[in-house]
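Student: Structure for this input, please:
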Amino acid sequence: MSKPKVFVTRAIRDHGLDLVKEFCDAEIWPDELPPSCEVLLEKVRGMDGLLCMLTDRIDAELLDAAGPGLKVVSNHAVGFDNIVVPDATVRGIPVGNTPGILTDATADFAFALLMAAARRVTEAERYVRAGQWKTWDPSILLGSDFVGATLGLVGFGRIGRAVARRASGFEMRVIYFDPGASPELGLNAGPVDSLDELLRQSDFVSLHVPLTPETHHLVNADFLNKMKSNAVLVNTSRGSVVDQDALFAALKNKQIFAAALDVTDPEPLPLDSPLLRLENCIIAPHIASASEKTRNDMAVLAAKNLIAGLKGERLPHCVNPEVYGH
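Tutor: Residues are numbered from 1 along each chain as shown. Here you go, the predicted structure:
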């Protein structure tokens with residue numbers, strides 16, 4: 001009996017890739033950069049399954065190019081804004097993602113960015129390498145304190161809650177704005193009634209929202225104007241949540257103290273981006289989930305979602321369970 005044919009848009013960790021190869025006749029895109037839209041349209045033709053990355057646009061055109069035999073789309077990410085999910089749903093195609101697995105790694109990195117921006121770690125490292133360190137000085141590279149400071153979380157899902165738990169070890173006060181979230185017992189974090197209230201109180205603001213039409217450029221000039229002048233902004237959600245032109249202006253004009261971004265729009269951030277000229281802005285290359293264990297676990301779950309869909313079984317994690325009809 002022939003194996004189901006699948007296309008994998010980038011090589012994933014062997015822990016998951018070996019599962020895919022064992023069960024499937026798999027074609028794996030070999031390049032470092034993702035396939036272009038034109039190439040992807042060609043590669044999916046006649047495929048039974050697709051294992052894709054957040055860099056791949058999956059929409060009606062691509063699903064139709066694959067043909068009626070496509071049984072499953074497995075996204076190697078927790079977010080799925082790269083997929084037009086209703087286009088898959090109307091065709092009866094389940095879409096898988098990898099939630100939960102990257103919660104701790106992403107929360108760790110969000111807090112690492114908070115600390116690096118507040119204590120000017122990357123700026124200090126550049127200062128040393130540039131030969132500017134002449135002696136101990138009581139007034140250089142002064143940063144922000146954590147103990148007693150207020151951390152405001154915009155979004156209070158898995159990752160936001162994990163960041164709140166880390167903040168408790170630094171004796172921070174934690175508040176959050178997320179109208180759809182329920183309180184968590186034992187977690188020292190309190191809701192506020194509005195985003196404006198969160199921005200008014202917070203010394204640190206960390207973004208943990210999905211990218212939707214409502215959150216696109218949520219962080220704009222008005223948002224930044226309402227932040228404290230000593231505040232630090234961190235984004236580990238999606239790049240388009242932040243209006244980068246507005247952020248550049250706020251950082252350049254010292255409206256806020258600093259920012260740290262793990263995600264940008266576009267990715268990679270062009271080298272001529274004005275944000276890269278700022279000392280008070282840290283840019284990381286979308287690596288919040290980049291720990292060995294996390295990426296291995298993501299690969300395995302993405303493979304399990306793919307294989308379950310090919311078998312006609314319910315996906316371990318499906319973002320459109322309505323395709324099952326119950």
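
Student: so Leu151, which of the three states?
Tutor: strand (DSSP: H, G, I helix; E, B strand; the rest coil).

Student: hang on, isn't it packed against Leu198?
Tutor: No: counting by Cβ atoms under 8 Å, Leu151 does not reach Leu198; the two are 10.0 Å apart. All C-beta spots, glycine's among them, are computed from the backbone N, C-alpha and C.

Student: Can you pull the residues that touch both of the two?
Tutor: Jointly contacting Leu151 and Leu198 under the rule Cβ atoms under 8 Å, 6 or more residues apart in numbering are Ile175, Val205.

Student: The two: who's more crowded?
Tutor: When Leu151 is set against Leu198 and neighbours are counted by other Cβ atoms under 10 Å, the residue ahead is Leu151, at 28 against 23.

Student: if I look at the more buried one, how far off is Ile159?
Tutor: Leu151 is 13 Å from Ile159, where distance means Cβ to Cβ, to the nearest Å.

Student: give me the number of residues near the closest residue to Leu195 other than its chain neighbours?
Tutor: Using Cβ to Cβ, 6 or more residues apart in numbering and skipping residues adjacent in sequence, the residue nearest Leu195 is Phe177, 5.0 Å away. Neighbourhood size, Phe177 [other Cβ under 10 Å]: 23.

Student: swap in the one 10 residues further on?
Tutor: Neighbours of Leu187 under the rule other Cβ under 10 Å: 15.

Student: quick one: it from Val174, how far?
Tutor: Distance, Leu187 to Val174, by Cβ to Cβ: 8 Å.

Student: Return every residue with contacts to both of the two.
Tutor: Here Leu187 and Val174 have Ala164, Ser168 as joint contacts, going by Cβ under 8 Å, 6+ apart.

Student: For stretch 217-233, buried residues please.
Tutor: Neighbour counts over stretch 217-233 (16 or more other Cβ atoms under 10 Å) mark Leu218, Val219, Phe223, Leu224, Lys226, Met227, Lys228, Ala231, Val232, Leu233 as buried.
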